[in-house]
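In: Take a look and give me a structure for this.
(2 chains)
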Amino acid sequence: MDYLHNLIRQTKLRIFIVVLIDNGVLIGGWWLGNKILGLNGLELLVLLIALAGIETTLIATSLGNYLTQPLKAVWQAVLHLSPTEQGTAAPNFESLHLGRDLVANLTSRIYQLVSTADQAKQELHRHANDLHENFIAQNLPLPLILMDATETVRYANDAAARYTGIAANDMVGKNVYMVMDMSFPSEATFDSWLKSVKTKTATAVSSWERVRLNVRDNHPARLFDLAAYYNRDNPEHNETMMVMFDHTKEYSQDDQAISFIALSVHELRTPLTLLRGYIEVFEDEIGQTITDPELKSFMLKMRAQAEQLTDFVNNILNVARVDDDQLELKLQSEDWSSTLKSSIEMISLRAKVRDITLKCSISRDLPPVGIDKLSIREVINNIIDNAIKYSGTSKTIKIDTYVNQEGLVETTFQDFGLGIPTSILPNLFTKFYRDHRNRAQIGGTGLGLYLSKAIIAAHGGSLWVRSKEGEGSTFGFTLMPYAQLAEKVKQNGDQEITRGAHGWIKNHSLYRR
Amino acid sequence: MEPPSTTPISPAAPAAGRKVLCIEDEHFISELYTRALTKGGYEVETIADGKEALDAAQTDQYDIILLDLMIPTVSGIEILRVLRDPARVPPIRAKIVVTTNLEQREDVRADIEKQADGYLVKAELTPHELVDFLNTIK
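Out: Now for the predicted structure:
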């Protein structure tokens, strides 16, 4: 406050001196005009007014400049500190005549305040950085790995170190694939994705489910979902970020769990096993003694129905396998003539109980075919079942097999029943697609042809249909001679002839019995 | 064509009093199998409980073991593992035929097939066909 009193005193003193001089000048003027120059009253008045005007202007100008000096200095200090007014010099207190102490004190306080604010800002910034690097990334409970354009790990957080069992320092600087031994459920892997996005885009995001990470030291493998973000222009050169979401527990439980379909099939099969067993016992024990032809036919129909139900249960199972890409076929060299005959024999009861005759004509000199016998049997069953269903009043199904013009073994099944309208034909091999005729009239699941198509496709053949309404339908499929198939497999470099419903499957020796 | 079920079973040659342990918890099924197998010339013992069955199997007095997989106390897969343990001295001489209606994942099934002498889906064969199959197992 002393500085302020000083300023007020100094200001008062200056004003006092100026006013004193001013009055002196006016009195001097009056004296000069009156005594020396001998001016009259009016002339004297004009002289004094002129003097007063000049003086007021001079005083106003000088006092104005003088008294505002401290304020100017403070303003200059503020400008000097302002980041938007670069180039403004610091105020020079030495040239100050008025309130030098006050201004010096005031500006030093302003400088102090600003520097404190600056420090606080820097502190805040540092905290924010810590928050970013240490808190968010480091304490993120999800394993996180950053890598550069050469797929070298640049950063791995604590969770990643715990998850992989490798210290973060040991990961940084190494190729990510050396650190992370991952396997993916399909061919759409992380590395194939990264390779492709690098050539195409600046940024990309993708995710994978059920990724397996093989961990060192015989620890059980980790199972997780993976998300990755690619940003070519990342300023820190952390081009790709990987985050893992652990699901080891759930996924390994899933692997052991019995699927809904497997369980349903199991529950259906137990009573089926029993029904077929009892039917057999009755046929054995009293079959010979039944003389009533109707009862005899009921006995056969009962067995035929049980067999059909068994096939249907297998259809459900195999459709689920096709959809999961789990259907695997072991293709072996088989004699087609005997395979076809025995398959037809197995289903002949179903035709017989409906008084339908299966007429089979097999051309000689058929080469051995490369097939999975059980699956092909399912195809034959499905096609014949279909033909029986849609035979209407006609009582014959014609089966022909021969080598076609392309050298493939072709087999056709012709019925002379209802036929299929042209509009329905394109959808016939779609899952759950049924004929235009209503459900009540003709049963079925809409699974059989879908499954058959997938199985034939997995054999490298094709399934087709020709039909004319009112005249009947012909279904046919082609199979590859074994020699041709083996040649193709050799070209593909596969060790075994095992195929999935959606293409070749490598290195499997599984087969269905 | 004669369906296989009407083929008369001859109690003669292949069975010749071979002993079968039928591990099966569905009583109706073991009943049917016992009937057909006995008619086919086999001597059959049935056990429904997994632990009991494992104890019995380890006495090694059977020629053939029919093994259901979904059984109480000790699972069929576990029984198979114990009986086919390579460290077992001497190894169990019985042929083990897995009989199940449970559909396995292909890799699990392949693993079971490696250890067993047969893998049959019960719903896909009649008791006679089971006997026919066992007759082919030497």
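
In: going forward, measure contacts and count neighbours with C-alpha atoms only.
Out: OK.

In: Need the three-state assignment for the spatially most central residue of chain B.
Out: In chain B, the C-alpha nearest the mean C-alpha coordinate belongs to B:Leu66, at 1.3 Å (C-alpha atoms, centre = their mean). Under the three-state scheme (DSSP: H, G, I helix; E, B strand; the rest coil), the conformation of B:Leu66 reads as strand.

In: Look at the residue of chain B found nearest chain A and report its pLDDT.
Out: Proximity to chain A, evaluated over chain B using C-alpha to the nearest C-alpha, is greatest for B:Ala123 at 4.2 Å. The per-residue pLDDT reported for B:Ala123 equals 92.

In: Phi first, then psi, for residue 46.
Out: Just going to use chain A. The phi/psi pair for A:Val46 (degrees, to the nearest 10) reads phi -60, psi -40.

In: Oops, wrong one, chain B.
Out: Torsion angles, degrees, to the nearest 10, at B:Thr46: phi -120, psi 130.

In: what's the spacing between the residue of chain B closest to chain A and A:Gly419?
Out: Here the distance between B:Ala123 and A:Gly419 works out to 34 Å (C-alpha to C-alpha, to the nearest Å).

In: now A:Trp75
Out: Relative to A:Gly419, and taking C-alpha to C-alpha, A:Trp75 is found at 100 Å.

In: Go ahead and confirm the residue nearest to the centre of chain B touches B:Ile29.
Out: No: counting by C-alpha atoms under 8 Å, B:Leu66 does not reach B:Ile29; the two are 11.8 Å apart.

In: for B:Val20, helix, strand, or coil?
Out: Using three-state DSSP as the criterion, the local structure at B:Val20 reads strand.

In: ok, it - contacts?
Out: Going by C-alpha atoms under 8 Å, 6 or more residues apart in numbering or on different chains, B:Val20 touches B:Tyr42, B:Glu43, B:Val44, B:Glu45, B:Tyr62, B:Asp63, B:Ile64, B:Ile65, B:Leu66.

In: Take these and lay them out in CSV including pLDDT and distance to A:Asp292.
Out: Output for these, formatted as CSV (pLDDT from 0 to 100; distance: C-alpha to C-alpha, whole Å):
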residue, pLDDT, distance to A:Asp292
B:Tyr42, 96, 35
B:Glu43, 96, 37
B:Val44, 96, 36
B:Glu45, 96, 38
B:Tyr62, 96, 44
B:Asp63, 95, 43
B:Ile64, 96, 41
B:Ile65, 97, 41
B:Leu66, 97, 39
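
In: So for the lowest-mean-pLDDT helix or strand in chain B, what gets flagged as buried?
Out: Within chain B, no helix or strand scores below helix B:106-115, which has a mean of 81 by mean pLDDT, DSSP states H and E. The neighbour-count criterion (16 or more other C-alpha atoms under 10 Å in any protein chain shown) identifies B:Ala110, B:Ile112, B:Glu113, B:Gln115 as the buried residues of helix B:106-115.

In: Then stretch B:121-130?
Out: Of all the residues in stretch B:121-130, those buried under the rule 16+ other C-alpha under 10 Å are B:Val121, B:Lys122, B:Ala123, B:Glu124, B:Leu125, B:Thr126, B:Pro127, B:His128, B:Leu130.

In: And stretch A:61-72, by the same measure?
Out: Buried residues in stretch A:61-72, counted by 16+ other C-alpha under 10 Å: A:Leu63, A:Leu67, A:Gln69, A:Pro70.

In: Now secondary structure and pLDDT too, for those, in TSV please.
Out: Compiled in TSV, these are given as follows (DSSP: H, G, I helix; E, B strand; the rest coil; pLDDT from 0 to 100):
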residue	secondary structure	pLDDT
A:Leu63	helix	82
A:Leu67	helix	82
A:Gln69	helix	82
A:Pro70	helix	83
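
In: Quick check: phi and psi at residue 99.
Out: No chain specified, so I'll use chain A. Dihedral angles for A:Gly99 - degrees, to the nearest 10 - are phi 60, psi 30.

In: Can you look at chain B instead?
Out: For B:Thr99, the backbone dihedrals (degrees, to the nearest 10) come out as phi -120, psi 110.

In: pLDDT averaged over stretch A:412-424 - what is it?
Out: This predicted structure assigns stretch A:412-424 an average pLDDT of 89.

In: who's in contact with it?
Out: When contacts are taken as C-alpha under 8 Å, 6+ apart, the neighbours of stretch A:412-424 outside the stretch itself are A:383-384, A:387-388, A:390-394, A:396-401, A:435-436, A:467-477.

In: hmm, back to that, just checking: which of the buried residues of helix B:106-115 also lie near chain A?
Out: By C-alpha under 8 Å from any C-alpha of the partner chain, the members of the buried residues of helix B:106-115 lying near chain A are B:Ala110.

In: so which pair among the buried residues of helix B:106-115 is furthest apart in space?
Out: B:Ala110 and B:Gln115 (8.9 Å; C-alpha to C-alpha).
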